[in-house]
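A.B. asks: Predicted model and sequence follow; I will ask about them next.
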Amino acid sequence: MNFSRIILQNVFWRGVYFISLFLLNVVIARSFSATGSGTIYFIVNNLALIVTICSLSLEAGMAYGVLSGKANPAQMGGMALLWSILATIIAGITGYYITQHTGKFNGYYWYAFGGYLPGCLLVSFFMALFYAQKNFWLPNMLMSLVIFVLITLTFYSEKLGISLERYINLYFTAFLIQGVVLAAFYLSKYRLHNIFSIPRSGVRKVVVTYSIVAFGANLLYFLLFRIDYWFVQHYCAEGDLGNYIQVSKIVQLFLTVPAMIAGAVFPFSATRLRKDVQNRIALLSRAAVFAFSGVCLLLTLSGYWLFPFIFGNSFAQMYQLLLLLIPGIISLVIVSLISAYFAGQNQVWVNVFGCLCGLFILVPGDILMVPLMGVKGAAIIASLSYCATLGCLLYFFIKNSECRLSDFFILKSTDIQALNTSFNKVLNRN
């Protein structure tokens, strides 16, 4: 399939899913305010760390194995099912043991754990397998349908008498439903047989070796993007935490389009000539920087009124925090594209090193700045750490390519024509 067509297909269907997530986020914010939504998303943050550890990033190894032709899609589907079940059992036993000795988790935390962990594992694994088959529309459509049902329940939560605790239970059950539906459709659509047959030792080595390196990168990326939540939760008020997490979600929203493109870059990078992909990455980067700089300018002019209007008056701090994060946002736009390239080239170690550079600034900076400046200090340090990560990745990319630093930031007169030509080719083929 043509590279441009892959990108547009992924952007459209992934966009539908992220729009549904954004609408859900708005409804939750307006229904439960900064304090209540902050509680929900802080629970998500804690559970997401458990998911990151339990997955061992096997989805990356599975997708790479299928794309490289070294792994059987049926066997990878069986591995995804078995590991999701096994990891949930192991994590559940470990969590129960910890609870008995610390008493940290309450009832709805366990309910959230039981829905979120297996659901996210299944979604992560089977989304990667769908993408390895270059099928972007079906998994995103299925997940969007579940989200729209949850949006409806959220919107009528007050009329239905759904308390915050009951809603948390419903919210995390939706993740399990998404995972089960995705797994069922994957196995059904591709009519896979012998899914529980054991892969050959060579296949296992390819999947596990790639996954171990990807796990290091994903764990570090998780800490780079979310470790500041714990500093804010410890030193700041609940309302401040809600504002900070909501701004972080706006940053994630900014990254949806680059992430969608990156989802197409990964399989393309794994199967095409390096120089061709490098030039396309540089083109996409400077086009994205130009586009998102314009969006940041619009939010700078309108965000002071826009954020309270959309999310409610309890989110008045979002505007200042977003302004502080703008340099980091532009950096992350490019990071998402370059990191996908290195992953497809089986050079995940570069992404690991980039994350370490960012964390080297983030952790000491938060320790010093959050107690002094609160959420504003967290935003400043986060932005600096994202810029450091970008600088590291660009160094390795430029070192092994013919690209210059300006190729990633300054739009050329021929770029619009090149992008327009690629877009027209896709439309003509359809």
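C.D. replies: Here it is on my side, so go on.
A.B. asks: next SSE after the longest helix seen in the chain?
C.D. replies: Counting residues, the longest helix in the chain under DSSP state H turns out to be helix 3-55. Next along the chain after helix 3-55, taking DSSP states H and E as the criterion, comes helix 58-67.
A.B. asks: which residues are in contact with that next one?
C.D. replies: Counting contacts by Cβ atoms under 8 Å, 6 or more residues apart in numbering, the residues outside helix 58-67 that touch it are 71-73, 76, 79-80, 83, 124-125, 127-129, 131-133, 203, 206-211, 214-215, 218, 266-267, 270-271, 343, 346, 348. Glycine gets a C-beta too; all of them are placed from N, C-alpha and C.
A.B. asks: Strands - which of these land there?
C.D. replies: Using DSSP state E, no member of the contacts of helix 58-67 falls in strands.
A.B. asks: Type out the ChimeraX command that picks the buried ones from the residues you listed.
C.D. replies: To isolate the buried members of the contacts of helix 58-67 in ChimeraX, using 16 or more other Cβ atoms under 10 Å:
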select :71,72,73,76,79,80,83,124,125,127,128,129,131,132,133,203,206,207,210,211,214,215,218,266,267,270,343,348
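A.B. asks: Please flag which of the contacts of helix 58-67 sit within helices.
C.D. replies: Applying DSSP H to the contacts of helix 58-67, the entries found in helices are 73, 76, 79-80, 83, 124-125, 127-129, 131-132, 203, 206-211, 214-215, 218, 266-267, 270-271, 343, 348.
A.B. asks: Quick one: residues contacting the residue nearest to Val51 when sequence neighbours are not counted.
C.D. replies: What sits nearest to Val51 in space, not counting adjacent residues and going by Cβ to Cβ, 6 or more residues apart in numbering, is Cys120, at 4.5 Å. By Cβ under 8 Å, 6+ apart, the contact set of Cys120 is 47-48, 51, 55, 175, 179.
A.B. asks: mind redoing it with 7 Å?
C.D. replies: Contacts here follow Cβ atoms under 7 Å, 6 or more residues apart in numbering; on that basis Cys120 touches 51, 175, 179.
A.B. asks: ok, and the most crowded of those?
C.D. replies: Greatest neighbour count in the contacts of Cys120, by other Cβ atoms under 10 Å, goes to Gly179: 27 neighbours.
A.B. asks: Got the phi and psi for that one?
C.D. replies: Per-residue torsions, Gly179: phi -60, psi -40 (degrees, to the nearest 10).
A.B. asks: ok, it to Val66 distance?
C.D. replies: The gap separating Gly179 from Val66 is 19 Å, by Cβ to Cβ, to the nearest Å.
A.B. asks: Kindly report the same for Lys412.
C.D. replies: 36 Å.
A.B. asks: Those two: which has the busier surroundings?
C.D. replies: Ranked by neighbour count (other Cβ under 10 Å), Lys412 and Val66 place Val66 first, with 22 against 14.
A.B. asks: pLDDT at that one, what is it?
C.D. replies: You'll see Val66 listed with a pLDDT of 81.
A.B. asks: repeat for Leu8
C.D. replies: Here, the pLDDT recorded for Leu8 equals 67.
A.B. asks: Could you look up the SS state of Glu402?
C.D. replies: Going by DSSP: H, G, I helix; E, B strand; the rest coil, the secondary structure assigned to Glu402 is coil.
A.B. asks: okay, it: pLDDT?
C.D. replies: Per the predicted model, pLDDT is 78 at Glu402.
A.B. asks: What's the local residue count around it?
C.D. replies: Applying other Cβ under 10 Å, we find 10 other residues in the vicinity of Glu402.
A.B. asks: so how far is Gly354 from it?
C.D. replies: With distances taken as Cβ to Cβ, Glu402 is found 21 Å from Gly354.
A.B. asks: what about the protein, any weak spots by pLDDT?
C.D. replies: 1-11, 98-112, 157-158, 164, 190-199, 260-276, 415-430 (pLDDT under 70).
A.B. asks: Compute the number of surrounding residues for Ser406.
C.D. replies: Ser406, neighbours per other Cβ under 10 Å, totals 10.
A.B. asks: Distance of it relative to Thr414?
C.D. replies: With Cβ to Cβ as the criterion, Ser406 and Thr414 are 14 Å apart.
A.B. asks: One more: Met79?
C.D. replies: Note on Met79: its distance to Thr414, by Cβ to Cβ, is 45 Å.
A.B. asks: before we move on, what about Asn140?
C.D. replies: For Asn140, the distance to Thr414 - Cβ to Cβ - is 32 Å.
A.B. asks: Show me which of those two is the more surrounded one.
C.D. replies: Asn140 (22 against 9).
A.B. asks: surely the more buried one meets Trp13?
C.D. replies: Yes: the criterion here is Cβ atoms under 7 Å, and Asn140 meets it with Trp13 at 4.1 Å.
A.B. asks: Give me the contact list for the helix or strand containing Ala378.
C.D. replies: For Ala378, the host element (DSSP H and E) is helix 375-399. With Cβ under 7 Å, 6+ apart as the test, helix 375-399 has contacts from 224, 228, 231-232, 236, 240, 243-244, 317, 320-321, 324-325, 327-328, 331-332, 334-335, 338-339, 350, 353-355, 357-359, 361-362, 365-366, 369-370, 403-405, 408.
A.B. asks: Quick check on these: which are buried?
C.D. replies: Among the contacts of helix 375-399, the ones that count as buried by 16+ other Cβ under 10 Å are 224, 228, 231-232, 236, 240, 243-244, 317, 320-321, 324-325, 327-328, 331-332, 334-335, 338-339, 350, 353-355, 357-359, 361-362, 365-366, 369-370, 403, 408.
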